[in-house]
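> Predicted model and sequence below, questions to follow.
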Amino acid sequence: MTLVTVNGIQLNISDTGAPAGRPGAPVVVLGHGLLFSTTMWRHQVEALRSTYRCVAVDWRGQGATPPTADGYDMDTLTADLIALIEHLELGPVHYAGLSMGGFVGQRLAARRPDLVRSLILIDTSAGPEDPDKISRYRLLAAVYGVLGMKPLLGQVAPIMFTPAFITTPGGTATVSTWVAELKSNNRRGVKKAIRGVTDRLAIEDEIGTITAPTLVLVGAEDVATPVAKAEKIAQGIPGAQLRVMPGIGHVSTLESPGLVTGLMTEFLAAQPSVG
């Protein structure tokens, strides 16, 4: 755990440092999805760290980042991320974000293009939360705040992963690890993070200004941010590439790490070197 003080808060990061013999290696910054943490990227970091410096971030109240009184909206999280990149002098960076991390990444790329070399958006959306889901997610947040994840697992796990994956040995282990990590979080902070997602504002009117090369990935079976959401992002960002991953759900970095890592690696390798 590494807590960095930025934007008036403590932000936990996982930083591999530059690869051996490559002090000037490009940096990949990774932003996790709701109810997860830096460990959501463990497979991708292991594959990328020999070529890139990998810095994964825990958003407020999640992972090992302490909860705060407020500031869980996507604009404030973006300000946290900007402050981190500037504090560590990382930029410009390759940024990859899944779901909630993608909400933040789109804001970063649209508002601070000087800090972004390329953008990878995974299982995310440029729009607000679907109205028919907001009440359900708020209710789940309220129950979670009182009882924790255990009584909700049967409802939440199928939002994150496909039913087929959950029933496999690997899927069962992945869900067990996720739930165990979530138990260590402050419930109040996580509840506020959920509300930050459900109450988020759209970014659709800004993504047309994004100039960074962009890859949009989405699981074909993603029920949280379906393929149509990814298609709108790809249509809205000039030159964006879209790849739909068959048979995969929302948290694709864990459900199909090999495929996601391969697509990320291929995209990153195609980006020009700085200088």
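That came through, no problem.
> Pull the residues that contact the longest helix anywhere in the chain.
If each helix of the chain is counted by residues according to DSSP state H, the longest one is helix 131-147. Where contact means C-beta atoms under 8 Å, 6 or more residues apart in numbering, the residues beyond helix 131-147 that reach it are 129, 151-152, 155-156, 187-188, 190-191, 194-195, 197-199. For the C-beta atoms, the positions are set from N, CA and C on the backbone; glycine is no exception.
> Check which element follows that helix along the chain.
Downstream of helix 131-147, the first helix or strand assigned by DSSP states H and E is helix 153-160.
> could I get that next one in CSV with only the CA atoms?
Once side chains and other backbone atoms are set aside, the C-alpha atoms of helix 153-160 remain, and they are given as CSV (Å, rounded to 0.1, in the frame of the first residue of the first chain):
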residue,chain,number,x,y,z
LEU,A,153,-23.8,-11.3,-3.8
GLY,A,154,-26.5,-13.3,-5.7
GLN,A,155,-27.7,-10.0,-7.2
VAL,A,156,-24.4,-8.2,-7.7
ALA,A,157,-22.1,-10.9,-9.0
PRO,A,158,-24.2,-11.5,-12.2
ILE,A,159,-23.9,-7.7,-12.9
MET,A,160,-20.1,-8.0,-12.8
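> Dump the helix or strand that that helix is followed by to PDB, restricted to CA.
Scanning forward in sequence from helix 153-160, with DSSP H and E defining helices and strands, the next element found is helix 163-166. Taking C-alpha atoms only, helix 163-166 is exported to PDB below (Å, rounded to 0.1, in the frame of the first residue of the first chain):
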ATOM      1  CA  PRO A 163     -23.300 -16.500 -15.100                       C
ATOM      2  CA  ALA A 164     -21.300 -19.000 -17.100                       C
ATOM      3  CA  PHE A 165     -18.000 -17.600 -15.700                       C
ATOM      4  CA  ILE A 166     -19.200 -17.500 -12.100                       C
END
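> tell me which residues of helix 163-166 are tucked away?
Applying a neighbour-count criterion of 16 or more other C-beta atoms under 10 Å, the buried positions in helix 163-166 are 165, 166.
> Ranking helices and strands of this structure by mean pLDDT, which lands last?
Least confident element among the helices and strands of the chain, by mean pLDDT, DSSP states H and E: helix 131-147 (a mean of 82).
> now the strands for this structure?
In the chain, the segments counted as strands under DSSP state E are 2-6, 9-15, 27-31, 53-57, 93-98, 116-122, 214-219, 241-245.
> how about the ones you listed in a markdown table, adding mean neighbour count and mean pLDDT?
Converted to a markdown table, the strands of the chain look like this (neighbours: other C-beta atoms under 10 Å; pLDDT from 0 to 100):
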| stretch | mean neighbour count | mean pLDDT |
| --- | --- | --- |
| strand 2-6 | 15 | 97 |
| strand 9-15 | 19 | 98 |
| strand 27-31 | 27 | 98 |
| strand 53-57 | 25 | 98 |
| strand 93-98 | 27 | 98 |
| strand 116-122 | 26 | 98 |
| strand 214-219 | 26 | 98 |
| strand 241-245 | 17 | 98 |
